[in-house]
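# Okay, structure incoming, though there's no sequence with it:
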């Protein structure tokens with residue numbers, strides 16, 4: 001081990017392989033009692049942090065949401081689940097915790113996650129969630145990365161490049177470049 005430090009709810013350790021010299025990082029968390037998630041079909045599954053991170057990440061794809069924000073949601077949900085003091089928690093409780101946090105972070109990610117979590121079968125149920133969001137005046141949307149609303153963005157103009165078959169030279173918008 002080359003370095004060790006405490007970061008948020010874990011211990012970060014930098015390690016080096018004695019054989020090949022490759023360096024890597026590990027994160028260690030104190031493991032509390034095992035949490036079991038009760039699925040809607042009656043199955044039981046051990047709580048899987050990586051599975052939760054993956055689901056939230058998919059909902060946040062192509063949105064201006066930082067990885068640390070996703071990690072924060074997962075840590076908050078995991079802490080809250082541990083504080084419940086129960087060994088088995090229904091999956092709808094976990095989904096509800098995540099959707100509430102996503103609703104406050106990003107509305108699009110919220111709708112994406114809710115569509116999978118609530119298993120929408122009809123367009124009406126999807127429309128109802130969107131309408132409820134419109135009615136909710138407390139929810140604040142994240143700004144775009146550059147801060148401009150979409151209607152103020154100008155489209156990107158690409159220059160057309162043509163090549164003269166006789167001379168082999170290219171012309172960009174009327175100018176000739178060799």
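Yes, it's here. What you see is a predicted model; the values in this text were computed from it and never measured.
# For this structure, which residues score under the pLDDT cut-off?
For the chain, applying pLDDT under 70 flags the ranges 1-2, 8-9, 30-32, 137-178.
# Strands of that one, start to end?
3-7, 10-16, 23-28, 36-38, 44-46, 88-90, 161-163, 170-172, 175-177 (DSSP state E).
# Could you say which one of those comes nearest to residue 132?
strand 88-90 (22.2 Å; Cβ to Cβ). To be clear about C-beta, it is placed using only N, CA and C from the backbone, and glycine gets the same treatment.
# now residue 135: how far from residue 128?
10 Å (Cβ to Cβ, to the nearest Å).
# Next: residue 36.
On the measure of Cβ to Cβ, residue 36 and residue 128 end up 31 Å apart.
# Between residue 135 and residue 128, which has more neighbouring residues?
More crowded of residue 135 and residue 128, by other Cβ atoms under 10 Å: residue 128, with 12 against 8.
# can you count the residues close to residue 56?
For residue 56, the number of neighbouring residues by other Cβ under 10 Å comes to 23.
# Do I have it right that it meets residue 113?
Yes - assessed by Cβ atoms under 8 Å, residue 56 is found in contact with residue 113 at 6.8 Å.
# from the strands of the chain, which stretch is densest packed?
Mean neighbour count (mean count of other Cβ atoms under 10 Å) peaks for strand 36-38 among these, with a mean of 17.
# Who are the packing partners of it?
The elements that strand 36-38 packs onto, with contact taken as 3 or more Cβ pairs under 8 Å, 6 or more residues apart in numbering; DSSP states H and E, are strand 44-46, strand 88-90, helix 91-105.
# what about stretch 33-49, how long is it end to end?
14 Å (Cα to Cα, to the nearest Å).
# Now do the domain split for this structure, please.
With domains defined by automatic domain parsing, the chain comprises 1-30, 33-144.
# ranking those domains by burial, who's on top?
Highest mean neighbour count of the domains of the chain: domain 33-144, a mean of 14 (counted as mean count of other Cβ under 10 Å).
# what bridges to residue 4?
Taking DSSP bridges as the rule, residue 4 bridges to residue 13.
# before we move on, what about residue 38?
Counting by DSSP bridges, residue 38 forms beta bridges with residue 44, residue 90.
# cool, residue 28 as well?
residue 11.
# Is it in contact with residue 10, as I believe?
Yes - taking Cβ under 8 Å as the definition, residue 28 is a contact partner of residue 10 at 6.0 Å.
# Could you list which residues are in contact with residue 91?
37-40 (Cβ atoms under 8 Å, 6 or more residues apart in numbering).
# Swap in 6 Å and give it another go.
Applying Cβ atoms under 6 Å, 6 or more residues apart in numbering, we find residue 91 in contact with 37, 39.
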